[in-house]
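Structure for the following, please:
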Amino acid sequence: MNTDPLEGLLRETLREEASAAAGRLDGLEQRVVEDLGDRAPRLGWLNGLKQLVAPTRAGRFGQIVVVAATAAAFLAVGALVGKDLPLFGGLKVESRETMLRSTAKNELLFVLPALNAENVSVVGSFNDWEPTPLSDEDGDGIWTARVSVPPGRYEYAFVIDGRWWGQDPLADEYVRSFGEYSSVRYVGGGGDGV
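Below is the predicted model of the structure:
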């Protein structure tokens, strides 16, 4: 094997340093144990918090106490919010049905960048899959439309120059049916049938 003289010199130097250091490592563990002696660990406030989440019996008890206290606080707040609050000037929290009735009409804003498009529309469950045109009044390639809808779940897709485009980046989720994607948005309380 043909080695470079510099490589050989480096190997020899490293061997010498390793053998010189080996003597210092003898008994290192024993010296560390002697130096530590019978010192007790110091627990700070951060370690006390860590004890709460530690997988020990005391830690589990601490976790149960924290969860129970949090649940009690939420129940107390819920009990106060569910009633008239004369303490805060008679603030009354409306029921879910009242809130949904008061927001019976919501607007869906559709925004789509389609720089070279000539015709953009949106089709969906809110318009019986009939095209609603989007407009680009200033010619900047950003097409928009507003559609008033009651609260609920709506599937939709864009049609750009006759081509289906169903993955709107502003959608809440996507569904795939008949091999094509459609976008989904929730309006009002959200969920099916709301």
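
This structure: helices as residue ranges?
Along the chain, the segments classed as helices by DSSP state H run 5-25, 28-36, 45-53, 57-81, 96-102.

can you put these in a markdown table and add mean pLDDT?
Below are these laid out as a markdown table (pLDDT from 0 to 100):
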| stretch | mean pLDDT |
| --- | --- |
| helix 5-25 | 79 |
| helix 28-36 | 79 |
| helix 45-53 | 65 |
| helix 57-81 | 73 |
| helix 96-102 | 42 |
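
quick one: contacts for the closest residue to Val111 other than its chain neighbours?
Nearest non-adjacent residue to Val111, counting by CB to CB, 6 or more residues apart in numbering: Thr144, 5.3 Å away. Bear in mind the C-beta positions are built from the backbone N, C-alpha and C, glycine included. Applying CB atoms under 8 Å, 6 or more residues apart in numbering, we find Thr144 in contact with Leu109, Phe110, Val111, Leu112, Leu134, Ser135, Asp136.

which residues sit in contact with Ala117?
Contacts of Ala117 (CB under 8 Å, 6+ apart): Asp136, Gly141, Trp143, Ile160, Asp161.

would you turn the residues you listed into CSV with neighbour count, distance to Thr70 and pLDDT?
Output for those, formatted as CSV (neighbours: other CB atoms under 10 Å; distance: CB to CB, whole Å; pLDDT from 0 to 100):
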residue, neighbour count, distance to Thr70, pLDDT
Asp136, 17, 51, 90
Gly141, 13, 50, 88
Trp143, 23, 47, 89
Ile160, 18, 49, 92
Asp161, 12, 54, 93
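
Next, find the distance separating Gly78 from Val65.
Using CB to CB, to the nearest Å, Gly78 is found at 20 Å from Val65.
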